[in-house]
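Trainee: Pasting the sequence and the predicted coordinates here, then a few questions.
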Amino acid sequence: MQTQPPKYVSPPTTWRTKLGLRVASIVFLVILCGLGGSLATDSRVDGDNLMIVVLAPAAIVTFIWDVAESICIWKRGGHRGIHPGAIVAIDLIAWLGWAFVDLLLVPYTVVLSSGYYVVQTYEGDSYLYGESEVSPEYEALLSEVQGKTHAIAAFAVMTT
């Protein structure tokens, strides 16, 4: 009579770490979508919404995968996640996808943070006082765009 090996049970430190990293990834994705959406919907910021086009598919797929794995870790017996082979395969594909997103996104955020391309001027050059001075509104908007784009780049790299 053959006895079956005991079911695998993840030690508490292992499954809590896995779950914590998945939850951190979910939080990063929510922050990324919020920052990207706030730039895409701001009428004062010009652009072709490349950030949303690049971020959205990767963020949605990664979010679904992280939620699925988190639920499995939390609810399955022994706190086992999805099959390890599937985790390695999907995480590798996600990693390659995010590396591609980072290669597109980081240079794009440099262009966005420069401010020359991004900020629209209303009624001609209403942000300019004379030939070289800019209004405080323009500088505040430029600072806001720079901060958001740098945060997007940072969270995208951390998600990778």
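Mentor: Received the coordinates, thanks.
Trainee: now the helix or strand hosting residue 107, how far from the chain's geometric center?
Mentor: Here residue 107, judged by DSSP states H and E, is contained in helix 84-114. Chain-centre distance of helix 84-114: 9 Å, with Cα atoms, centre = their mean, to the nearest Å.
Trainee: ok, now stretch 9-20?
Mentor: With Cα atoms, centre = their mean, you get 24 Å for stretch 9-20.
Trainee: neighbouring contacts of that stretch?
Mentor: 69, 70, 73, 74, 77, 78, 79, 80, 81 (Cβ atoms under 8 Å, 6 or more residues apart in numbering). Yep, even glycine has a C-beta here, placed from its N, CA and C like the rest.
Trainee: tell me which residues in that stretch are buried?
Mentor: 10, 15, 18, 19 (16 or more other Cβ atoms under 10 Å).
Trainee: How confident is the prediction for residue 46, by pLDDT?
Mentor: What the model reports for residue 46 is a pLDDT of 67.
Trainee: Kindly report the same for the one 3 residues further on.
Mentor: The predicted local distance difference test score for residue 49 is 69.
Trainee: can you check residue 141 too?
Mentor: At residue 141, pLDDT is 79.
Trainee: Show me what the helix or strand hosting it is packed against.
Mentor: Secondary structure assignment for residue 141, by DSSP H and E: helix 136-159. Secondary-structure packing of helix 136-159 (3 or more Cβ pairs under 8 Å, 6 or more residues apart in numbering; DSSP states H and E): helix 12-41, helix 50-75, helix 84-114.
Trainee: now the angle between helix 12-41 and that helix, please.
Mentor: 150 degrees (axes from the mean of the first three to the mean of the last three Cα atoms, to 10 degrees).
Trainee: Give the buried residues for helix 136-159.
Mentor: Neighbour count says helix 136-159 has 138, 141-142, 144-146, 148-149, 152-156, 159 buried, by 16+ other Cβ under 10 Å.
Trainee: now stretch 65-84
Mentor: Buried, per 16+ other Cβ under 10 Å, within stretch 65-84: 65, 66, 69, 70, 72, 73, 79, 80, 81.
Trainee: Now do residue 64 against residue 12, distance only.
Mentor: 26 Å (Cβ to Cβ, to the nearest Å).
Trainee: actually residue 95, not the one I wrote
Mentor: 27 Å.
Trainee: next one: residue 143
Mentor: For residue 143, the distance to residue 12 - Cβ to Cβ - is 45 Å.
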